[in-house]
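S.K.: Pasted the sequence and its predicted model underneath.
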Amino acid sequence: MIEFKNIVKKYRTKSIINPFSLEIDAGQLVVFIGPSGCGKTTLLKMINKLIQPTSGKIFVNGTDISTMNPIELRRNIGYVIQNTGLFPHMSIKENLELIPKLKGEDPASIEKKTIELLEMVGLDKEYLDRFPKELSGGQQQRIGVARAFSTNSDIILMDEPFSALDPVTRSSLQDELFQMQKELNKTIIFVTHDMDEAIKIADKICILKDGDILQYDTPENILKNPANDFVEGFIGKRRVWNNPELLMAEDIMIHQPVKITAKRTVLQAIEIMKEHKVDSLMVTDKHNVLKGLVTLKGIQLLNRTTSIEMIMEQNVLSVSQDANLISVLATMNEHKIGYLPVVNSGKQLTGLITRSSILSALSSQLIDLEVAF
Ligand SMILES: Nc1ncnc2c1ncn2[C@@H]1O[C@H](COP(=O)(O)OP(=O)(O)O)[C@@H](O)[C@H]1O
Ligand SMILES: [Mg+2]
């Protein structure tokens, strides 16, 4: 889909990109990561011909881009940079519709797509008539992302798009980007210098240093087998995954377990379980202190009007937030339980560990679960 073939970039005599060859498959999200100055932006800008290589070729869908008209090429490649690049004097709607209109797409379908994109990035229609400066930084960046997806292009280039955002906004945009990519199946090259961000969103990560590729692989393989000391240093704290005793209950729990108060009835408990598709509920008081537990199996044959207070399991086992994975697994195995509530020092419920929450937190490649279970 995108192929770099022996790309070299020199400024005067200084070599910025050494012979660089890489293939990126269609529909993948590939993250370029590396220290500042290693050539990430240079490589990205070569794809939309904002920078010319000194030698070598880039192929997009099999076509050598040096033979393509740059304007035409760019119209078909979404591009997102750190400070969104929204046009300040245009409304959000005009910003989003600019390229589809330039391309002569059907007005009705443009309108429909604009609203869909806005929803995908978590904003509603009321923002359409606002101007960029009337939005927060995070909202502007959401529009920047939506605009990149508006081009109907198969390729989107993103150069540290979330770097300037606060951690909460950043994290939710990462989730949305991941979701959009899965739905719309774009090929995305995403530049960052943040390994956590890379691991969270990438299908494959390309680790760069001084214009060379140090490693190009899936996040799991990079974590498991870093190619050299530099990569190992770069993924640094992530090594925690290889040391399960460093993983805390907090890291492996569901953060919003479904709960119920003791004054409710069996009928209501069953309804809540159905609604949330769970087979157990934590019982808490109005201060969120853990009081007990009910399971579907335990209550489904009981009289529907019975109060939960009367039938809940009391003295439920729980662990503190800083209990480590090893002790959590030992407790679950020893007592043959599938659920383990997590509480803080005030006995308030803060989470719930289940076998599937452990599995999804770890992902089977990162730790040998055969041993753990
Ligand atoms: N126009 C230029 N002239 C000379 N050197 C440049 C120019 N543009 C970028 N560089 C150098 O190329 C290297 C790679 O830059 P860049 O691709 O922006 O790195 P990154 O995005 O990884 O931080 C840096 O050392 C930078 O100083
Ligand atoms: Mg850069």
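M.R.: Sure thing, it's come through. Ligands and ions are numbered 1, 2, ... in the order given.

S.K.: going forward, measure contacts between C-alpha atoms and count neighbours the same way
M.R.: OK.

S.K.: Contacts only, for K133.
M.R.: Contact analysis of K133 by C-alpha atoms under 8 Å, 6 or more residues apart in numbering lists P88.

S.K.: and what of K209?
M.R.: Taking C-alpha under 8 Å, 6+ apart, one finds 34-35, 38-39 in contact with K209.

S.K.: partner residues bridging it?
M.R.: Beta-bridge partners of K209, counted by DSSP bridges, are D212.

S.K.: how close does it sit to ligand 1?
M.R.: As judged by C-alpha to the nearest ligand atom, to the nearest Å, K209 and ligand 1 stand 8 Å apart.

S.K.: Give me the PyMOL select line for the contacts of K209, limited to the buried ones.
M.R.: Buried members of the contacts of K209, defined by 16 or more other C-alpha atoms under 10 Å, are picked up in PyMOL with:
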select buried, resi 34+38+39
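
S.K.: among the contacts of K209, which are in reach of ligand 1?
M.R.: Among the contacts of K209, the residues that sit close to ligand 1 (C-alpha under 6 Å from any ligand atom) are 38-39.

S.K.: CSV for the contacts of K209, including pLDDT and secondary structure?
M.R.: Formatted as CSV, those follow (pLDDT from 0 to 100; DSSP: H, G, I helix; E, B strand; the rest coil):
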residue, pLDDT, secondary structure
G34, 92, coil
P35, 89, coil
C38, 94, coil
G39, 95, coil
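
S.K.: and which of the contacts of K209 is nearest to M120?
M.R.: Set against M120, the nearest of the contacts of K209 by C-alpha to C-alpha is G34 (29.3 Å).

S.K.: M253 touches R355, doesn't it?
M.R.: No: assessed by C-alpha atoms under 8 Å, M253 is found out of contact with R355, at 9.6 Å.

S.K.: of the two, who's got more company?
M.R.: Taking neighbours as other C-alpha atoms under 10 Å, M253 and R355 compare with M253 leading, 24 against 17.

S.K.: Run through the neighbouring helices and strands of the helix or strand hosting M310.
M.R.: Per DSSP states H and E: M310 is located in helix 308-311. Helix 308-311 sits against no helix or strand, with contacts defined as 3 or more C-alpha pairs under 8 Å, 6 or more residues apart in numbering; DSSP states H and E.

S.K.: so how far is it off the chain centroid?
M.R.: Remark: helix 308-311 is offset 40 Å from the chain centroid, using C-alpha atoms, centre = their mean, to the nearest Å.

S.K.: Contacts for it, please.
M.R.: By C-alpha under 8 Å, 6+ apart, helix 308-311 touches 261-266, 269, 294, 299.

S.K.: now do stretch 5-17
M.R.: Taking C-alpha under 8 Å, 6+ apart as the rule, stretch 5-17 contacts 18-22, 38-39, 53-59, 210-212.
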